[in-house]
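[1] Build me a model from this:
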Amino acid sequence: MSATRMQAEVAEIPAAARRFLATASDPLAAAAAALRAADPRLLVTVARGSSDHAATYLKYAVEIVAGIPVASVGPSIASIYGRRLRLEGAACLAISQSGRSPDIVEMTQGARAGGALTLALTNAAASPLAAAADHALPLAAGPERSVAATKSFVASVLAGLALLAEWREDAELAAAVAALPDQFARALACDWIPLADRLARASQAFVLG
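    Residues are numbered from 1 along each chain as shown. Coordinates of the predicted model:
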């Protein structure tokens, strides 16, 4: 059986992770230094869809490691309602695979105008979102055509964790992040067929976590 587009892109995750870690050291260092200088008391996230799921994962990581609250901000606050939030003393993390969603870009611009330090995780280094943020981390995941997103989702989480480790100067977390590409490769080498066969026959599935 030939691989689906999604399977092919999932198989690219270890290489995409290695590529990000190999190319992101300078922008990571600059963004982390800016976070240390700003010393934010709040982090807000701006994202939709699978990127918002990545932001939710990072919410827990930031709250545990950095000890500051993280809140999701709806992009429509800026794009539809035209409201500028007062974000002095805060940081804003925007996540978008394409970097071209007008509402994500507009909310990021509004956060910057409202006083926040703005950071962007995007797969498109030359995108409007990257230009709108104070600091942008290109995910370097390569083109993604499957729905839902796979490698760019994982790359977003990886980039967020790498930024957190650099920001907090957490050597243990940095070492764990550096090991992730090999961990991803080991996971892909596992035999998932028995589980996949059971899921294919199931009428319902529940995830507990």
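
[2] and stretch 74-86, how far from the chain's centre?
    The offset between the C-alpha centroid of stretch 74-86 and the centroid of the whole chain comes to 21 Å, using Cα atoms, centre = their mean, to the nearest Å.

[3] can you tell me the helix or strand for the spatially most central residue of the chain?
    For the chain, the residue nearest the mean C-alpha position is residue 156 (2.7 Å; Cα atoms, centre = their mean). With the criterion set as DSSP states H and E, the secondary-structure element containing residue 156 is helix 151-168.

[4] What of residue 52?
    helix 49-65.

[5] And the average pLDDT for that helix is what?
    When pLDDT is averaged along helix 49-65, the result is 97.

[6] List the buried residues in that helix.
    By neighbour count with 16 or more other Cβ atoms under 10 Å, helix 49-65 contains the buried residues 50-51, 53-55, 58-59, 61-62, 65. Every residue, glycine included, has its C-beta placed from N, CA and C.

[7] Those into TSV, with extra columns for distance to residue 34?
    Below are these laid out as TSV (distance: Cβ to Cβ, whole Å):
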residue	distance to residue 34
50	26
51	21
53	25
54	21
55	19
58	17
59	20
61	19
62	15
65	17
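
[8] now, which of these sits nearest residue 149?
    residue 50 (4.4 Å; Cβ to Cβ).

[9] Hmm, the closest one is touching residue 149, no?
    Yes: distance between residue 50 and residue 149: 4.4 Å, which falls inside the contact criterion (Cβ atoms under 8 Å).
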